[in-house]
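Peer 1: what's the 3D shape of this:
(chains A and B)
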Protein chains: 2
Amino acid sequence: MQALQERILREGKNLGNGILKVDGFINHQVDPGLMDACGRELARRFGGVGATKILTAEISGIAPALMTGLHMGLSVVYARKHKPITMPDQVFLTLSPSHTKGRTVELIVSPEYLGMNERVLIIDDFLATGATILGLVRLARTAGAAVVGIGALIEKTFEGGRQALSSLGVPIEALARIRSMESGTIVFEDQS
Amino acid sequence: MQALQERILREGKNLGNGILKVDGFINHQVDPGLMDACGRELARRFGGVGATKILTAEISGIAPALMTGLHMGLSVVYARKHKPITMPDQVFLTLSPSHTKGRTVELIVSPEYLGMNERVLIIDDFLATGATILGLVRLARTAGAAVVGIGALIEKTFEGGRQALSSLGVPIEALARIRSMESGTIVFEDQS
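Peer 2: Down below sits the predicted model:
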């Protein structure tokens, strides 16, 4: 998506070691208009998958998932990383390695909001190694739900997430696909 | 706001001790259409305050703040509770007691996204004791910004947050104002 790629080139910061800082419009400060446009585009791409619910992970998945849900008319469930006191004792829980945090995090969903027969579209800010998204896939399957698509704002294609998810056999879409972040540059897949 | 009050009555759960569970449409599962309507209404109420930025706290402030920002054409900054590796070493940080967590949490904002001369509208999901919002006020003031309004989806008027914030002299708006949660009931301020 042109608007997102341009924004990444203009304001994204390549911090090295594959870390892309987009704190100015996605991850700490959020541009609601850009998120709305991204949500509209993800809704368009996944219009045919028959999703009944959107699943994401807190914290930075919330904005893109919410805007996608707005344009698809679907509820959004965000997996929690800490169980709040309002959640029942019996939950769906999986462990997911976070390589930006350097440790394992919990992903927790209440059975109240993810059930059998749901057709789940997973939306997140980044598709990198795919570890977080695979965690969400495990949660959906444990609940008896089917995963019908995976969407991200930004994919780092050199981290292999798409390959890790390919056996799921569902459409995978990313709005900005980064091929390389070597030597301080940011190169997209559709750049020569 | 009628739609929000009706949803709280229909799906909210009074768990006792003043804890209102709204995990089915705000805090774990989010209804994007309802959040959009709430954001539109908050944008209408704060249309005249001259805000230049919206400030909230992760996690559950993000959805209402994002939708308010969408309708006001303003960026949203969410205070982090843990400093990510993408944030500079020098940050604005304050401590805020969380009575649902029973401990103190950090609220952290990068100076990159909150500066002097900003006119900050604070948006959160709940206005209860006002502790989190007062933490956001301290962050804004430390940055040299002015707070120009405070908005919440749900106010628990019996917890005194409005009084705690009144000395700020800014408009305070909440879309559903709960007067009492005694004996398992939920009574709004505008109910007789």
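
Peer 1: now do the helices in chain A.
Peer 2: Taking DSSP state H to define them, one finds helices in chain A at A:2-11, A:32-45, A:62-72, A:131-142, A:161-166.

Peer 1: the longest strand anywhere in chain A pairs with which strands?
Peer 2: In chain A, with assignment by DSSP state E, the single longest strand is strand A:146-156. Taking DSSP bridges as the criterion, strand A:146-156 pairs within the sheet with strand A:119-127 (parallel), strand A:172-180 (parallel).

Peer 1: most tightly surrounded among these?
Peer 2: strand A:119-127 (a mean of 26; mean count of other CB atoms under 10 Å in any protein chain shown). C-betas here are computed from N, CA, C, even on glycine.

Peer 1: highest average neighbour count across the helices of chain A?
Peer 2: helix A:62-72 (a mean of 27).

Peer 1: from residue B:126, how far off is the residue lying closest to residue A:67 once chain neighbours are set aside?
Peer 2: Spatial nearest neighbour of residue A:67, excluding adjacent residues (CB to CB, 6 or more residues apart in numbering or on different chains): residue A:39 at 2.6 Å. Shown here: residue A:39 relative to residue B:126, a distance of 25 Å by CB to CB, to the nearest Å.

Peer 1: one more: residue A:171?
Peer 2: 37 Å.

Peer 1: quick one: residues contacting the residue most central in space within chain A.
Peer 2: Among the residues of chain A, the one closest to the centroid is residue A:124, at 1.1 Å (CA atoms, centre = their mean). With contacts defined as CB atoms under 8 Å, 6 or more residues apart in numbering or on different chains, residue A:124 is in contact with A:56, A:57, A:60, A:61, A:64, A:65, A:132, A:133, A:136, A:151, A:152, A:153.

Peer 1: where does chain A dip in pLDDT?
Peer 2: Scanning chain A for pLDDT under 70 picks out the ranges A:192.

Peer 1: what residues does it have near chain B?
Peer 2: Listed as neighbours of chain B in chain A under the rule CB under 8 Å from any CB of the partner chain: A:13, A:15, A:19, A:21, A:23-25, A:27-33, A:35-36, A:58-59, A:62-63, A:66-67, A:69-70, A:73-78, A:80, A:84-87, A:100, A:109-110, A:112-113.

Peer 1: ok, of the residues you listed, which come out buried?
Peer 2: A:19, A:21, A:23-25, A:27-33, A:35-36, A:58-59, A:62-63, A:66-67, A:69-70, A:74-78, A:80, A:84, A:86-87, A:109-110, A:113 (16 or more other CB atoms under 10 Å in any protein chain shown).

Peer 1: looking at these, which are in strands?
Peer 2: Filtering those for strands - DSSP E - leaves A:21, A:29, A:30, A:76, A:77, A:78, A:109.

Peer 1: wait, isn't the first one in contact with residue A:8?
Peer 2: Put plainly, it is residue A:21. No - the criterion here is CB atoms under 8 Å, and residue A:21 misses it with residue A:8 at 10.2 Å.

Peer 1: and stretch A:80-89, how far apart are its ends?
Peer 2: End-to-end distance for stretch A:80-89: 14 Å, by CA to CA, to the nearest Å.

Peer 1: and the gap between the residue nearest to the centre of chain A and chain B?
Peer 2: 14 Å (CB to the nearest CB, to the nearest Å).

Peer 1: now residue A:184
Peer 2: 15 Å.

Peer 1: then residue A:163?
Peer 2: Residue A:163 sits 25 Å away from chain B, going by CB to the nearest CB.

Peer 1: what about the residue nearest to residue A:116 when sequence neighbours are not counted, how many residues nearby?
Peer 2: Of all residues not flanking residue A:116 in the chain, residue A:144 sits nearest, at 3.6 Å (CB to CB, 6+ apart). Residue A:144 has 12 neighbours, counted by other CB atoms under 10 Å in any protein chain shown.
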